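In: 3D, please:
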Amino acid sequence: MPSKAFNTLLADVPRWHTNLLVQFCTNHVPLQSYFYRFGRASNETCPTCLQEPETVVHFLFVCPTYDLHHAVYFRTLGFSGRTLCTLLNMRDSLWPLFAYINATGQFHTVFGDLPDPCPDDNSN
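Out: Next up, the predicted model:
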């Protein structure tokens, strides 16, 4: 069962966003490492940078293919926003997170475009 804080965070977040956020929290995201774990990919190497396994942390923070996206979408979160815990558990990080996901196009075939989950909170 999710915590009360997590339920509160997701109370007014659209279903597709909630689904993807839970997948990120549980490491069940359609990334190479996930596919490899279940025998759906021959290796877990990131297909965009070919440098290391494509995990949640790699996709969100490390992959050099998305360096510009990291800088643009996560800069407003400051240093603390560059941790997985903060990014997946703070309301202020939802807009940058989903904007980043949209910009990378990584999950477009699965989720399509994800609209801003909290337009009233968007200060950009």
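In: drop to CA atoms for contacts and neighbour counts, all remaining ones
Out: Will do.
In: L50 in helix, strand or coil?
Out: coil (DSSP: H, G, I helix; E, B strand; the rest coil).
In: ok, it to F98 distance?
Out: 24 Å (CA to CA, to the nearest Å).
In: T83 now?
Out: 15 Å.
In: the two: who's more crowded?
Out: F98 (20 against 13; other CA atoms under 10 Å).
In: how about the nearest residue to that one, chain neighbours excluded?
Out: Using CA to CA, 6 or more residues apart in numbering and skipping residues adjacent in sequence, the residue nearest F98 is L114, 6.7 Å away.
In: number of nearby residues for that neighbour?
Out: Neighbour tally, L114, other CA under 10 Å: 17.
In: secondary structure class for it?
Out: coil.
In: surely it and A103 touch.
Out: No: counting by CA atoms under 8 Å, L114 does not reach A103; the two are 10.0 Å apart.
In: any stretches of the protein with poor pLDDT?
Out: 1-2, 115-124 (pLDDT under 70).
In: would you map the helices across it?
Out: Here the chain has its helices, by DSSP state H, at 4-10, 15-26, 32-37, 56-57, 67-74, 84-89, 91-104, 108-111.
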